[in-house]
Every structure is written in structure tokens, then in C-alpha cells.
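Chemist: everything below, folded, please.
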Amino acid sequence: MTTISLSQKLLLKFKRRLLYYLNLAIKKPDYIIMFCFSRIHFIRYLIKLIFKEKTNLKYEGNSVFADIEVNHIVDTLKKEGIYLGLNLPEYLWKEIIDCSKHITYLGNANLQFSFHLAEKQKEEKKHGTDFITGYNFDISSICPAVKKLENDPKLWSIATKYFEKKPTNVISKIWWTFPQKKEVEERARGFFCFHYDLEDYWCLKFMFYLTNVDVDSGPHVCVKSSHKRKKLSHQFSLLRETDDKDIISYYGSENILTICERAGVGFVEDPFCFHKGTIPTQRDRLILEVKFTLHNYETIP
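Modeler: Modelled structure (predicted):
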């Protein structure tokens with residue numbers, strides 16, 4: 001795999017994203033402020049303190065996750081940044097799978113590369129590019145089962161207790177990751193390197209495998225407790241990505257969690273943890289994400 005220096009990565013990202021961030025700075029200055037400062041631990045916790053609500057909110061209705069214990073999950077998230085053990089009921093998983101077969105996806109999240117699964121190879125040939133991923137950002141309006149998850153009272157309770165404030169936004173997406181025969185280009189490679197997300201000061205992502213996932217089918221990888229003990233160079237770097245060697249050296253290999261599970265198994269993660277996707281080598285992977293945020297910036301999911 002071709003490697004490039006840190007300065008080259010910064011230059012490439014700057015060239016690629018300059019107009020995007022300039023446009024956001026004009027239309028969404030609050031988002032740009034968040035993006036710049038939410039990477040700093042002190043700022044994140046200051047925001048939580050400022051917006052903290054004293055009321056003990058309770059959500060009505062029946063949860064599809066009857067056996068989970070909200071306080072235990074929140075305590076685990078505060079400690080490790082990730083909790084495993086959310087299992088979709090089989091009927092809900094089947095409904096989502098059925099929906100996934102008939103919807104339109106965006107190849108590599110590009111609006112110009114829309115395709116249906118049955119026509120993936122045809123569309124790749126038409127556009128002269130391989131689709132590493134296929135996203136649908138509108139799944140909750142198409143699939144009632146996903147909308148049910150967005151409204152689930154226990155998911156709302158977990159997010160509220162973790163944020164110490166009622167979330168203002170919940171949004172879902174579903175995507176495929178496909179095996180690749182060629183080296184992934186640099187602009188897509190960041191997704192498959194350790195990185196952390198800056199989508200709000202506080203954010204939770206509930207992720208559900210919809211296909212069986214083993215080491216050959218693109219497991220998700222998370223660094224436990226990295227949401228609360230980043231070294232200063234990770235907080236103040238212009239790049240949110242880092243390499244495996246740096247992660248292992250600072251956090252230890254024992255804290256690197258590779259999640260291989262059967263279809264229907266889920267987990268919840270604070271995306272401020274270092275994490276990465278991995279490229280499947282044998283089988284396609286399908287995953288659903290239900291994201292809760294403290295604020296609503298109305299940006300791309």
C-alpha cells in the first residue's frame with residue numbers, strides 16, 4: 001500500500017474540503033465552531049455542564065430491547081466508550097433486510113453514483129469506478145422498522161442519560177461495504193484508518209450488523225476508553241486519523257476491540273472513541289446506524 005506523509009495528507013484534505021468548509025462557515029458557523037473545538041476534552045465536558053438538565057426524563061412506550069439495563073449501559077459507555085449486547089428481535093431484523101433489498105444506494109456516498117444492488121456491477125462499469133461502499137441516508141422514511149428504532153424509549157433513555165440532556169436530533173443510515181480487489185484510493189482510506197468523529201460535542205451511535213460479520217467481512221474496530229483519555233497531540237492535531245502503531249503504543253493492544261458478530265447483533269459507541277472500518281476480503285457487510293446528537297446542525301448524516 002502506498003504511504004504518504006502527514007503534511008501530504010493535510011494538503012490533500014485541505015484541497016479537497018476547502019470549499020465545503022468555507023460554505024459551511026457561512027451557512028452554519030455554529031457547526032464550524034463545534035468542529036474546531038469539540039475535539040478538546042475540556043470543551044466537550046464544559047458544553048455538557050452548560051447544557052445539563054436536572055430533570056429526570058422518562059420515555060413512554062415499549063422497547064424492542066426488553067432485556068437491556070439502561071443505567072448499566074450508560075455506566076459502561078462512560079468508562080469504555082462502547083457497549084456490546086444490543087440484539088435486534090428477529091422480526092425487526094427481517095423487516096430491515098427486506099427493505100434493504102429494494103432501496104437505492106449511493107456508491108461511495110456520491111450523489112452521482114446511485115444504484116440498486118442488482119445493478120451494482122453495471123453502474124460501476126458505467127461510471128468507471130469501484131464502489132467501496134453503498135449508502136442510503138433516508139432509510140427511516142422508507143422502513144418502518146428503522147423508524148421504530150429511532151423512537152425506541154430505551155435508546156432515547158440511554159442517549160439522554162449519557163448526554164445529561166434530551167437529544168435534539170436522531171437520524172439513521174444504512175450502508176454496504178464491499179470487498180475490494182484493488183488498493184483503496186487515498187480519499188477513501190481515512191475511513192479504514194483509526195479516526196474519531198466530530199459530529200457534535202456529544203453523540204452516540206447505535207450500530208446493528210445486518211449480515212454476519214467475521215474477520216473476512218469488514219468488522220468494526222473500536223479503541224476502548226479513547227473517548228476520555230486522548231493525548232494532547234490527538235486532540236489538537238489538524239488530522240483526526242492516526243495509524244495502528246500509534247494507537248497500540250498509547251492505548252495498548254488489549255483495548256483494541258474487533259467486533260465480529262452474527263447478523264442482528266448491535267452495539268452503541270461514542271464516536272469520539274478512535275475507531276475504524278475494515279475492508280471486507282470475502283463477503284459484503286451491511287450495517288445500520290441510528291445516531292443521537294445533542295444538537296441538530298442539519299448537515300449530511
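Chemist: any idea of the pLDDT on Arg187?
Modeler: Per-residue confidence for Arg187 comes out at a pLDDT of 51.
Chemist: show the backbone phi and psi for Val221.
Modeler: Backbone torsions of Val221, given as degrees, to the nearest 10, read phi -130, psi 130.
Chemist: the closest residue to Ile40 other than its chain neighbours and Pro271, how far apart?
Modeler: Spatially, and ignoring its direct neighbours in sequence, Ile40 is nearest to Gln235 (5.2 Å; Cβ to Cβ, 6 or more residues apart in numbering). Bear in mind the C-beta positions are built from the backbone N, C-alpha and C, glycine included. Gln235 sits 15 Å away from Pro271 when distances are taken as Cβ to Cβ, to the nearest Å.
Chemist: between these two, which one's more packed in?
Modeler: It is Pro271, of Gln235 and Pro271, that has more neighbours when counted by other Cβ atoms under 10 Å, with 22 against 15.
Chemist: who's in contact with the more buried one?
Modeler: When contacts are counted by Cβ atoms under 8 Å, 6 or more residues apart in numbering, Pro271 touches 196-197, 199, 203-205.
Chemist: for it, which non-adjacent residue is closest in space?
Modeler: For Pro271, ignoring the flanking residues on the chain, the nearest one in space by Cβ to Cβ, 6+ apart is Asp197 at 3.8 Å.
Chemist: wait, isn't that neighbour in contact with Cys222?
Modeler: No. Because the distance of 11.8 Å does not satisfy Cβ atoms under 8 Å, Asp197 is recorded as not touching Cys222.
Chemist: quick one, which of the two is more surrounded?
Modeler: Each of Asp197 and Cys222 has its neighbours counted (other Cβ under 10 Å); Cys222 has more, 26 against 16.
Chemist: the nearest residue to the more buried one once chain neighbours are set aside and Thr258: what is the separation?
Modeler: The shortest distance from Cys222 to any residue other than its chain neighbours is 4.5 Å, reached at His275 (Cβ to Cβ, 6+ apart). In this structure, His275 lies at 11 Å from Thr258, with Cβ to Cβ as the measure.
Chemist: what of Arg240?
Modeler: Taken as Cβ to Cβ, the span from Arg240 to Thr258 is 20 Å.
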